[in-house]
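1. Structure for the following, please:
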Amino acid sequence: MGIVPEKHFRRFPWGWRIAHLAFALVTMTLVLTGTAALFADSSWAPKVAAALGGPKILGLIHRVAAALFVGIFFIHFVYVMSRLLRDRKFRWFGPDSLIPNWKDLADCVGMFKWFFGKGPRPHFDRWTYFEKFDYWAVFWGVNIIGWSGLMLAFPHVTASFLPGWVFNVGTLVHGEEAFLAAVFLFTVHFFNNHFRPDKLPPPDVVMFTGTQSLEEFTREHPAHYQRLVESGELEKYLVDAPSRPMHVSSVILGLALITIGLVLLVLVVTGFFGA
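-> Residues are numbered from 1 along each chain as shown. Here you go, the predicted structure:
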């Protein structure tokens, strides 16, 4: 089947795109306010706190952003579980599943070989190994950061059940895990999605427009493309290319978020080494 250049492949519906944008904005807010408190003795943290209205307002913004983050995660979790329970086509395992498998391990090794010119680029299916890692990392982060943060946000409740030393552990776990998550997001995640050799120049706007050109889709997910061709289902996913205003605004939004993320990375790293 030939590729139709004027058509795009629909990868993400509007709900996933809105959730991604909301997660991005809320996460960046959490990183800014949280690391400003974590690295309060850095040169930039007092300025951030003052710009936001002082330490109390900083803490309030952090808690509101955390509540929004958990809320978005909970809505997504309920949606996914409802799909699993009522949609027979929404499989736990198989090529369309987000659950990691042995092919993902082989693809990861193959990708590093490709980076250094030691092998061909892996033939990814619907989800790449790094997309699956990013997806499941949220579940880990919400539990580790979320429960420790909840414990610290309501100390009077925590103290009624647990000994005092738990606050020291909770503070350490909350801060260190948040630091690791921030560094990962603004380095590894940015590289995988925006700065890989085959993605330059950035940004990749598929999570804003929801679509990819067929040329890009077949290059990035050849195994998925081949399955759809063989099953005759490709036509169901073909849509018109995004309008120029939609594409331009998506590029501007993507570049803005990348810039903010890289600035936050500099603040986090300088705060860490300064401390």
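2. so how far is the one helix or strand Gln212 maps to from its chain's centroid?
-> Element membership of Gln212, judged by DSSP states H and E, is strand 211-213. Its chain's C-alpha centre lies 19 Å from the corresponding centre of strand 211-213 when counted by C-alpha atoms, centre = their mean, to the nearest Å.
3. could we number from 825 for the rest of this?
-> OK, 825 is where the count begins now, so the last one is strand 1035-1037.
4. and it, what does it pack onto?
-> Under the contact criterion of 3 or more C-beta pairs under 8 Å, 6 or more residues apart in numbering; DSSP states H and E, strand 1035-1037 touches strand 831-834. C-beta: built from backbone N, CA, C; applies to glycine.
5. re the thing from before, after the strand holding Gln1036, next one along is what?
-> Sequence-wise, the next helix or strand downstream of strand 1035-1037 (DSSP H and E) is helix 1038-1044.
6. for the record, mean pLDDT for that following helix?
-> In this model, helix 1038-1044 has an average pLDDT of 93.
7. And the contacts of the helix or strand following that helix?
-> Elements were assigned by DSSP H and E; along the chain past helix 1038-1044, the next helix or strand is helix 1046-1055. Counting contacts by C-beta atoms under 8 Å, 6 or more residues apart in numbering, the residues outside helix 1046-1055 that touch it are 825, 919, 947-950, 1041-1042, 1058, 1061.
8. still on that earlier bit, residues of the strand holding Gln1036 that come out buried?
-> Buried positions in strand 1035-1037, judged by neighbour count with 16 or more other C-beta atoms under 10 Å: 1035-1037.
9. Could you do stretch 860-876 as well?
-> Residues of stretch 860-876 classed as buried under the neighbour-count rule (16+ other C-beta under 10 Å) are 860, 862-863, 866, 869, 872-873, 876.
10. returning to what we had before: can you list the strands that the strand holding Gln1036 pairs with?
-> Applying DSSP bridges to the sheet, strand 1035-1037 is found paired with strand 831-834 (antiparallel).
11. Send me the strand it pairs with as PDB with only the CA atoms.
-> What follows is strand 831-834 as a C-alpha-only set of coordinates in PDB (Å, rounded to 0.1, in the frame of the first residue of the first chain):
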ATOM      1  CA  LYS A 831      -2.600  12.400   5.000                       C
ATOM      2  CA  HIS A 832      -1.500  12.100   8.700                       C
ATOM      3  CA  PHE A 833      -1.700   9.200  11.100                       C
ATOM      4  CA  ARG A 834      -3.800   9.800  14.200                       C
END
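12. Mind giving me the packing neighbours of the next helix or strand after it?
-> Sequence order places helix 838-862 as the next helix or strand after strand 831-834, per DSSP H and E. Helices and strands touching helix 838-862, by 3+ C-beta pairs under 8 Å, 6+ apart, are helix 869-875, helix 879-910, helix 989-1008, helix 1030-1033, helix 1068-1098.
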